[in-house]
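Enquirer: all I have is the shape, not the residue letters:
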């Protein structure tokens, strides 16, 4: 058994029904909290990460336009994720992968329902000033353990 918290099965594509992790520090922390067997990684295709730039206007309208992230922007995202997980006391997550989480039972079919349920369960008993990664780490792991028990 490895001590690497990011060790997982590697697939060429995500298993059916698994949820893509958000590409930010919270998404990485949730992957870690899901624990072995509940997350996998898939090699990211080169330049495969696209984003949508959303511009909000004073009249309440918004404009969305697709944008391809540059190599520097991708590195910056990974650097931010590394800093977030370091604040939680975890080593950097291996780069060059997309991460997927097994959907726990009773979390709804939409990805947003899963993320909302994890956030709510993690932060329910925490004071507002406890939102740093170190303080979220344990409650996130406990929340996901309960979710996987069903």
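Expert: Great, that's in hand. Predicted model, so just to flag it, every value in this text is computed and none were measured.
Enquirer: distance-wise, check the residue nearest to residue 121 when sequence neighbours are not counted relative to residue 51.
Expert: Excluding its sequence neighbours, the residue lying closest to residue 121 (C-beta to C-beta, 6 or more residues apart in numbering) is residue 143, at 3.6 Å. Where you see a C-beta, it was placed from the backbone N, CA and C, and this is true even at glycine. Look at residue 143 and residue 51: by C-beta to C-beta, to the nearest Å, they are 28 Å apart.
Enquirer: residue 117 now?
Expert: 25 Å.
Enquirer: compare those two (neighbour count), which wins?
Expert: For residue 117 and residue 51, the more surrounded residue by other C-beta atoms under 10 Å is residue 117, and the numbers stand at 17 against 13.
Enquirer: just to check, residue 122 is in contact with residue 136?
Expert: Yes - contact criterion C-beta atoms under 8 Å: residue 122 and residue 136 qualify, at 6.0 Å.
Enquirer: helices along this protein, start to end?
Expert: Secondary structure of the chain (DSSP state H): helices at 25-34, 71-87, 111-123, 133-149.
Enquirer: so for residue 64, which of those sits nearest?
Expert: Of all the helices of the chain, it is helix 111-123 that lies closest to residue 64, at 16.9 Å by C-beta to C-beta.
Enquirer: against which helices or strands is that closest one packed?
Expert: Contacts defined by 3 or more C-beta pairs under 8 Å, 6 or more residues apart in numbering; DSSP states H and E place helix 111-123 against strand 19-20, helix 25-34, helix 133-149.
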